[in-house]
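Engineer: dropping the sequence and predicted coords here.
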2 protein chains.
Amino acid sequence: MKTSGYLRDVNYKEAREEFIQTWGSLGSTWGVNKTMAQIHAYLLSSDELVTTDQMMEDLQISRGNANMNVRTLVDWGLAYKQSKAGERMDYYAADKDVHSFAPKIARERRKRELEPAMRALSRLKGMELEGKEGKSFQKLVKELDDFTSLGDQFLRRYIEGERGWLTKLFMRMLK
Amino acid sequence: MKTSGYLRDVNYKEAREEFIQTWGSLGSTWGVNKTMAQIHAYLLSSDELVTTDQMMEDLQISRGNANMNVRTLVDWGLAYKQSKAGERMDYYAADKDVHSFAPKIARERRKRELEPAMRALSRLKGMELEGKEGKSFQKLVKELDDFTSLGDQFLRRYIEGERGWLTKLFMRMLK
DNA sequence: AATTATTTTCAGAAAATATTGAAAGTATGA
DNA sequence: TCATACTTTCAATATTTTCTGAAAATAATT
């Protein structure tokens, strides 16, 4: 028989390892640091609750790094801390449902990437500028502001909206 | 009279300066380096064609930096090189229309941020894993793949689609 | 209350990323 | 074809970001 216990175990481990590494390096391009993305992938792909020590061991990272990044995951609502009865150590698990955790990521990215831009634009929009240059600058600011506001409304709906909303919108869109 | 020539000129310059600085620091959170975002903001807020030397002077950056980042802007289609008749220096200007340049940014970000994730997921989806862990891993991969594919279809429409598409979709969405 | 287990913090080290500036490359035109 | 004006490249440097590890803090146990 080809798929011995040994072989299939290695397969799963390899697939998981690839997933974790890929997610980690993609994390950087998404404005999330490598370790945080790796821990997220690690928790997503784990059936069991895991401790900080297991993360340190499997991802080869320091205690401080593990602690800091798992905490951020918890802050974002992407992971949860759990206690096992009779044990002192903290265990962690991820929210596994993409339709539940993706909006949480969207919420954080909106906060970091969109809100400051909107604040800046609304400050600039409030200025009364004169002259040819001033006028076209104001036009630019207004257009950027309209555009980001549209994006913001969309994101808010997604973040706060009911589960199927995005999928429904896509269905309508494709028709 | 309150708005003397001097005053309103300073006003415009200050507003523009604030715009450039803000866009620059936001750039970092958007995966675009500070200088590139600053040059983009500088060109967006300029009525005239500008040379590399003007950028160097006004943004206080080196020639290499200016050259490299303005080239990337041109590569992305966010800026254009123009020659003035009888002059040797290269002049640059930005695409000022947000409904024209935003999809170009979306295109580049899709390429960098979404495509590699989709490639990784489709590679992982192709694996036949056994055991309880393997099965739930495959479920995870499938869900992530469905989700990213949906996002990809959406982005493609936006990137390739006609001008008003996004706004129309939003209108429908708000109803 | 003292000991032990566990988590958190944070200054400094390391890694990743961006920028400089001078040298090499190209195009123009005298 | 040589000189000049301008652009591009890239090794060295600077800056920013992330990570480490040991010390401090907190919590549980005896």
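Structural biologist: Looks like it came in fine.
Engineer: does any part of stretch A:38-49 sit near DNA strand D?
Structural biologist: No: shown here: stretch A:38-49 not in contact with DNA strand D (Cβ under 7 Å from any atom of the strand), separated by at least 7.8 Å. Quick note: C-beta positions are derived from backbone N, CA and C, even for glycine.
Engineer: now do that stretch: distance to the chain's middle.
Structural biologist: 14 Å (Cα atoms, centre = their mean, to the nearest Å).
Engineer: show me the shaky parts of chain A.
Structural biologist: Along chain A, the parts satisfying pLDDT under 70 run over A:1-10, A:175.
Engineer: which helix runs longest in it?
Structural biologist: Using DSSP state H to define each element, chain A has its longest helix at helix A:131-160.
Engineer: tell me the helices and strands packed up against that helix.
Structural biologist: Judged by 3 or more Cβ pairs under 8 Å, 6 or more residues apart in numbering or on different chains; DSSP states H and E, helix A:131-160 is in contact with helix A:98-109, helix A:115-125, helix A:165-174, helix B:5-29, helix B:98-109, helix B:165-174.
Engineer: can we see that at 6 Å?
Structural biologist: helix A:98-109, helix A:115-125, helix B:5-29, helix B:98-109 (3 or more Cβ pairs under 6 Å, 6 or more residues apart in numbering or on different chains; DSSP states H and E).
Engineer: buried stuff in the last one?
Structural biologist: Meaning helix B:98-109. B:98, B:101, B:102, B:103, B:105, B:106, B:107, B:108, B:109 (16 or more other Cβ atoms under 10 Å in any protein chain shown).
Engineer: and what of the second one?
Structural biologist: The neighbour-count check on helix A:115-125 (16+ other Cβ under 10 Å) flags A:117, A:118, A:120, A:121, A:124 as buried.
Engineer: ok, residue A:47 to residue A:83 distance?
Structural biologist: Distance of residue A:47 to residue A:83, given as Cβ to Cβ, to the nearest Å: 18 Å.
Engineer: for residue A:52, that is, sorry about that
Structural biologist: Applying Cβ to Cβ to residue A:52 and residue A:83 gives a distance of 13 Å.
Engineer: more neighbours, those two?
Structural biologist: Each of residue A:52 and residue A:83 has its neighbours counted (other Cβ atoms under 10 Å in any protein chain shown); residue A:52 has more, 17 against 11.
Engineer: next, count neighbours for the closest residue to the more buried one other than its chain neighbours.
Structural biologist: Nearest non-adjacent residue to residue A:52, counting by Cβ to Cβ, 6 or more residues apart in numbering or on different chains: residue A:66, 4.9 Å away. Neighbours of residue A:66 under the rule other Cβ under 10 Å: 21.
Engineer: what residues go with each domain of chain A?
Structural biologist: A:5-94, A:98-174 (automatic domain parsing).
Engineer: quick one: residues contacting residue A:116.
Structural biologist: Residues near residue A:116 by Cβ atoms under 6 Å, 6 or more residues apart in numbering or on different chains: none.
Engineer: and the helix or strand that residue A:64 is a member of, which residues are buried?
Structural biologist: Applying DSSP states H and E as the criterion places residue A:64 in helix A:63-76. Within helix A:63-76, the residues that count as buried by 16+ other Cβ under 10 Å are A:65, A:66, A:69, A:70, A:72, A:73, A:76.
Engineer: who's in contact with the fourth one?
Structural biologist: Taking Cβ under 6 Å, 6+ apart as the definition of contact, the neighbours of residue A:70 are A:39, A:92.
Engineer: give the residue farthest from the middle of chain A.
Structural biologist: residue A:131 (43.9 Å; Cα atoms, centre = their mean).
Engineer: look up how far DNA strand C lies from the residue sitting nearest the centre point of chain A.
Structural biologist: Nearest to the mean C-alpha position of chain A, by Cα atoms, centre = their mean, lies residue A:105 at 3.4 Å. As judged by Cβ to the nearest atom of the strand, to the nearest Å, residue A:105 and DNA strand C stand 19 Å apart.
Engineer: tell me which element residue A:80 falls in.
Structural biologist: For residue A:80, the host element (DSSP H and E) is strand A:79-83.
Engineer: how near is whichever residue of chain A sits closest to DNA strand D to residue B:18?
Structural biologist: Of all residues in chain A, the one sitting closest to DNA strand D is residue A:64 (1.9 Å; Cβ to the nearest atom of the strand). For residue A:64, the distance to residue B:18 equals 37 Å [Cβ to Cβ].
Engineer: same deal with residue A:126?
Structural biologist: Distance from residue A:126 to residue B:18, counting by Cβ to Cβ: 12 Å.
Engineer: of the two, which one has the most company?
Structural biologist: Set residue A:126 next to residue B:18 and count neighbours by other Cβ under 10 Å: residue B:18 wins out with 15 against 8.
Engineer: nearest residue to the more buried one other than its sequence neighbours?
Structural biologist: Residue B:18 sits nearest to residue A:124 (Cβ to Cβ, 6+ apart), 6.8 Å away.
Engineer: so the one you found touches residue A:142, yeah?
Structural biologist: No: look at residue A:124 against residue A:142 with Cβ atoms under 6 Å: they stay out of range, at 9.5 Å.
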